[in-house]
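Colleague: Give me the fold of what follows.
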Amino acid sequence: MLQKRGLVVIRTAPDDGRTHAISLTARGRAVHDKVFAAAIERETPAVVVPEERGTRSADRHAEAAARDISAP
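Modeller: Modelled structure (predicted):
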């Protein structure tokens, strides 16, 4: 499904035909970045006020939120 949508490329490993490498395409990376940014924004609205967006302070808040989201 992701491959049909042009979001990933699946390649067979040249040294082992049983192994496959899955990589994001440029389009897949763009979708990932957009979704990730939306998730960060949704998780940190009270921490980052609109005036701070795009600043180093906002970037630090987003990085901290990303660590929190990915923590088990």
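
Colleague: ok, now which ones touch the closest residue to Leu7 other than its chain neighbours?
Modeller: Closest residue to Leu7 apart from its sequence neighbours, by Cβ to Cβ, 6 or more residues apart in numbering: Gly28 at 3.6 Å. (Glycine included, C-beta is placed from N, CA and C.) Shown in contact with Gly28 (Cβ atoms under 8 Å, 6 or more residues apart in numbering): 2, 6-8.

Colleague: Most neighbours among those residues, which one?
Modeller: Highest neighbour count within those: Leu7, with 17 neighbours (other Cβ atoms under 10 Å).

Colleague: quick one, what contacts that one?
Modeller: 24-25, 27-28, 31.

Colleague: which regions of this protein sit below the pLDDT cut-off?
Modeller: 43-72 (pLDDT under 70).

Colleague: that older thread, helix or strand: which one has the residue nearest to Leu7?
Modeller: helix 26-43 (DSSP states H and E).
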